[in-house]
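> sequence-free structure coming up:
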């Protein structure tokens, strides 16, 4: 998206400076992309299968799952049995979406941490609400930051984040600047405890500011948050879906973007990724229909390989599979692990 005519010169300057920070780290990987920004499926049909005898695309010890995908099982059979299955499927990490297990009974944080460890699983992160300004007792960053960080620290998490969008103060540029200031504060508090604060995108973060229709809101978030305090967890499916929805400004001007290019410009800002898949369907609102990982059109062989080629790429990034509404959540977990473990680098 062109920013030459931005109504916010200070924002444009920050964007330029922040983008330059990642150039050296991402230059090698960027070379694999060519000159154009095109959708993932157009880059590599065939579900991203890279089977063969080369190096595995998936770095060892870096496969996780967002437990929201298994919420039906966690709430009925409990964490212990779910973790047992995840260990059997070859997972290394889990990302929490709450610390309770419904009818399976009460569980303490030390018990939960021990259960994960006993099954070879590391708690890599957790999703907590950003805010609930109508409830001072809400379990959220804005209302109870100390408690949120205490719990994350007790679980031994390296990352603590939110899947809430930065909409607390509206959809204007200034509103997102205020939200970014909140995130910087949470990031500083997390950093003091040895953790990284992160934000996970959904559908609308790639839309445009209501008061400046040529400014993509995700760019405001990147520009206004401190890279040493605020990190991103790209949900790759939603990023590609929004590539379909928001490739033009509200005024109809072309505004193409490539999710992978965002990562390669500043790879150090993306320690975590959500890996979910979709079948292209231009009749659907988002341009995709969500399916199990490996059954769709998003080329994960290409995407993960490119990230691997950044400085520290195979060491510094973690891949969490997810499906919002799986038909069979344990089967989804099994299939996703098998697919991602099967991918090999192209020669």
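Received, thanks. All figures in this text were calculated on a predicted structure; none of them were measured in a lab.
> in stretch 241-255, which residues are buried?
241, 242, 243, 244, 246, 247, 249, 255 (16 or more other CB atoms under 10 Å). For the C-beta atoms, the positions are set from N, CA and C on the backbone; glycine is no exception.
> so what's residue 167 up against?
175, 179, 204 (CB atoms under 8 Å, 6 or more residues apart in numbering).
> those residues in helices, which ones?
If you go by DSSP state H, those have 175, 179 in helices.
> same list (the buried residues of stretch 241-255) but as JSON lines, adding secondary structure.
JSON lines is the format used below for the buried residues of stretch 241-255 (DSSP: H, G, I helix; E, B strand; the rest coil):
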{"residue": "241", "secondary structure": "helix"}
{"residue": "242", "secondary structure": "helix"}
{"residue": "243", "secondary structure": "helix"}
{"residue": "244", "secondary structure": "helix"}
{"residue": "246", "secondary structure": "coil"}
{"residue": "247", "secondary structure": "coil"}
{"residue": "249", "secondary structure": "coil"}
{"residue": "255", "secondary structure": "coil"}
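> which pair in the residues you listed spans the largest distance?
Greatest spatial distance among the buried residues of stretch 241-255 (CB to CB): 241 and 249, at 17.7 Å.
> highest neighbour count among the contacts of residue 167?
Ranked by neighbour count (other CB atoms under 10 Å), the contacts of residue 167 have residue 179 at the top, with 25 neighbours.
> which residue packs closest to that residue, ignoring adjacent ones?
Spatial nearest neighbour of residue 179, excluding adjacent residues (CB to CB, 6 or more residues apart in numbering): residue 166 at 3.5 Å.
> tell me the secondary structure at the one you found.
coil.
> wait, it touches residue 142, no?
No. Counting by CB atoms under 8 Å, residue 166 stays clear of residue 142, with 11.7 Å between them.
> which of these two has more neighbours?
Between residue 166 and residue 142, residue 166 has the larger neighbour count (other CB under 10 Å), namely 28 against 19.
> please render the buried residues of stretch 241-255 as a markdown table that adds distance to residue 323 to the earlier fields.
Putting the buried residues of stretch 241-255 into a markdown table (distance: CB to CB, whole Å) gives the following:
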| residue | distance to residue 323 |
| --- | --- |
| 241 | 14 |
| 242 | 18 |
| 243 | 20 |
| 244 | 19 |
| 246 | 23 |
| 247 | 25 |
| 249 | 31 |
| 255 | 29 |
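> buried set for stretch 131-145?
Of the residues in stretch 131-145, 131, 132, 140, 141, 142, 143, 144, 145 count as buried by neighbour count, 16+ other CB under 10 Å.
> just the ones in strands from the residues you listed, please.
Of the buried residues of stretch 131-145, none are assigned to strands by DSSP state E.
> could you work out the most separated pair of the residues you listed?
Spatially, the most separated pair among the buried residues of stretch 131-145 is 132 and 145, at 12.8 Å (CB to CB).
> checking my notes, residue 199 in a helix, right?
No. Residue 199: not assigned to a helix; according to three-state DSSP it is strand.
> how about the contacts made by it?
Contact analysis of residue 199 by CB under 8 Å, 6+ apart lists 161, 162, 163, 164, 166, 183, 221, 230, 231, 232, 233.
> the nearest residue to the fourth one once chain neighbours are set aside: what's it in contact with?
Pointing back at residue 164 there. Nearest non-adjacent residue to residue 164, counting by CB to CB, 6+ apart: residue 130, 3.5 Å away. With contact taken as CB under 8 Å, 6+ apart, residue 130 is in contact with 140, 141, 142, 162, 164, 165, 166, 168, 179, 182.
> redo those as a markdown table? Include pLDDT and distance to residue 153.
Output for these, formatted as a markdown table (pLDDT from 0 to 100; distance: CB to CB, whole Å):
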| residue | pLDDT | distance to residue 153 |
| --- | --- | --- |
| 140 | 98 | 17 |
| 141 | 98 | 14 |
| 142 | 98 | 19 |
| 162 | 98 | 17 |
| 164 | 97 | 21 |
| 165 | 97 | 25 |
| 166 | 98 | 24 |
| 168 | 98 | 25 |
| 179 | 98 | 24 |
| 182 | 99 | 20 |
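> with respect to residue 192, which of these is nearest?
Among the contacts of residue 130, and counting by CB to CB, the member closest to residue 192 is residue 141, at 14.5 Å.
> surely the closest one meets residue 131?
Yes. Counting by CB under 8 Å, residue 141 touches residue 131, with 6.8 Å between them.
> which neighbours do these two have in common?
Residues touching both residue 141 and residue 131 (CB under 8 Å, 6+ apart): residue 182.
> so residue 84 is in contact with residue 119, correct?
Yes. Using CB under 8 Å, residue 84 is in contact with residue 119, at 6.1 Å.
> higher neighbour count, those two?
residue 119 (18 against 14).
> show me the shaky parts of this structure.
Scanning the chain for pLDDT under 70 picks out 1-9, 12-53.
> what segments of it are strands?
Taking DSSP E to define them, one finds strands in the chain at 63-66, 93-96, 122-126, 159-162, 196-200, 230-235, 272-275, 277-280, 288-291, 318-321.
> make TSV out of those strands and add distance to residue 102.
Formatted as TSV, the strands of the chain follow (distance: least, CB to CB, whole Å):
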stretch	distance to residue 102
strand 63-66	17
strand 93-96	14
strand 122-126	17
strand 159-162	22
strand 196-200	23
strand 230-235	25
strand 272-275	23
strand 277-280	27
strand 288-291	24
strand 318-321	22
